[in-house]
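*Asks:* Sequence and predicted structure are below.
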Amino acid sequence: MKEAAGEANLTVIAILLIGVIAAVVTPMVNSYMTTSAKKGCCTNYGGYWANNQCKMRNAAGTEQTVNANQYWNQNDRTCK
């Protein structure tokens, strides 16, 4: 009986650890996926990704930050 109770306790601990790890990793993966999608949309728009923002150069060669509303649809999390 002691062996069965010990195995049951280890199973509960393993399930709890898996749940905690999933709860921590899921938001990180979601953030990485969103950033990756934004980078792709920025590139498709004609810009480049720098300092966590979409940038473009104007005709004079000056770097400008592109407003996210121009290339990213926040509601659908898709490119415009």
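*Replies:* Sure thing, it's come through. Numbers count the residues shown, from 1 in each chain.

*Asks:* C-alpha only now, for contacts and for neighbours.
*Replies:* Will do.

*Asks:* May I have stretch 13-24 as PDB, with CA atoms only?
*Replies:* Provided in PDB are the C-alpha atoms of stretch 13-24 (Å, rounded to 0.1, in the frame of the first residue of the first chain):
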ATOM      1  CA  ILE A  13       3.300  16.200  -8.400                       C
ATOM      2  CA  ALA A  14       4.200  15.500 -12.000                       C
ATOM      3  CA  ILE A  15       0.800  16.700 -13.200                       C
ATOM      4  CA  LEU A  16       1.100  19.900 -11.100                       C
ATOM      5  CA  LEU A  17       4.600  20.600 -12.500                       C
ATOM      6  CA  ILE A  18       3.400  20.100 -16.100                       C
ATOM      7  CA  GLY A  19       0.500  22.500 -15.400                       C
ATOM      8  CA  VAL A  20       2.800  25.200 -13.900                       C
ATOM      9  CA  ILE A  21       5.300  24.900 -16.800                       C
ATOM     10  CA  ALA A  22       2.400  25.100 -19.400                       C
ATOM     11  CA  ALA A  23       1.000  28.200 -17.600                       C
ATOM     12  CA  VAL A  24       4.400  29.900 -17.700                       C
END
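
*Asks:* average model confidence for the top helix by length along the chain?
*Replies:* Scanning the chain for the longest helix, with DSSP state H as the assignment, gives helix 2-45. Confidence for helix 2-45, expressed as mean pLDDT, is 89.

*Asks:* Distance from the chain centre to it, please.
*Replies:* Relative to its chain's centre, helix 2-45 lies at 13 Å (C-alpha atoms, centre = their mean, to the nearest Å).

*Asks:* how far away is residue 67 from residue 29?
*Replies:* Per C-alpha to C-alpha, to the nearest Å, residue 67 is found 24 Å from residue 29.

*Asks:* same question but for residue 44, I mixed them up
*Replies:* For residue 44, the distance to residue 29 equals 23 Å [C-alpha to C-alpha].
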